[in-house]
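Undergrad: need a 3D model of the sequence below.
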Amino acid sequence: MATFRNRSGKWQARVQIKGHAALSKTLFNKIDAERWAKQIELEMQKGSYTNLVLAERTTFAERLRPSALQKV
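TA: Model (predicted):
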């Protein structure tokens, strides 16, 4: 289920579905927030949602570090 709130002129959408971590995003208008939330809800319900938060935070240098330590 998605909830929406106005924060300093921007809209925050929060999607919370049982079995998944809560996810939120701030967008410029309510229509975009509703569209984003609906898309995430559908993906979570279908089982096709992939949380990209960790991937987005990982830098290329961090990805190279473990492979540099591995010996072939």
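Undergrad: list the contacts for residue 20?
TA: 44, 49 (CB atoms under 8 Å, 6 or more residues apart in numbering). In this view, the C-beta of every residue, glycine as well, is placed from N, C-alpha and C.
Undergrad: switch to 6 Å and redo it
TA: For residue 20, the residues meeting the contact criterion (CB atoms under 6 Å, 6 or more residues apart in numbering) are residue 44.
Undergrad: same check on residue 2?
TA: 13, 15, 37.
Undergrad: now, those residues that are in strands?
TA: Mapping the contacts of residue 2 onto strands (DSSP state E) picks out 13, 15.
Undergrad: where along the protein do the helices fall?
TA: 30-46, 53-57, 60-69 (DSSP state H).
Undergrad: in CSV: those, plus distance to residue 4, mean neighbour count and mean pLDDT.
TA: As requested, the helices of the chain are exported to CSV (distance: least, CB to CB, whole Å; neighbours: other CB atoms under 10 Å; pLDDT from 0 to 100):
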stretch, distance to residue 4, mean neighbour count, mean pLDDT
helix 30-46, 6, 15, 94
helix 53-57, 20, 8, 71
helix 60-69, 34, 8, 69
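Undergrad: tell me which of the ones you listed lies nearest to residue 1.
TA: Evaluated over the helices of the chain, closeness to residue 1 peaks at helix 30-46, with 7.7 Å, by CB to CB.
Undergrad: what does that closest one contact?
TA: 2, 4, 11, 13, 15, 17, 20, 25, 27, 49.
Undergrad: ok, now with 7 Å
TA: 2, 4, 11, 13, 15, 17, 20, 23, 25, 27, 49 (CB atoms under 7 Å, 6 or more residues apart in numbering).
Undergrad: before we move on, back to that, let's have the contacts of residue 2 in JSON lines, adding distance to residue 56.
TA: Shown next, in JSON lines, are the contacts of residue 2 (distance: CB to CB, whole Å):
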{"residue": "13", "distance to residue 56": "18"}
{"residue": "15", "distance to residue 56": "17"}
{"residue": "37", "distance to residue 56": "19"}
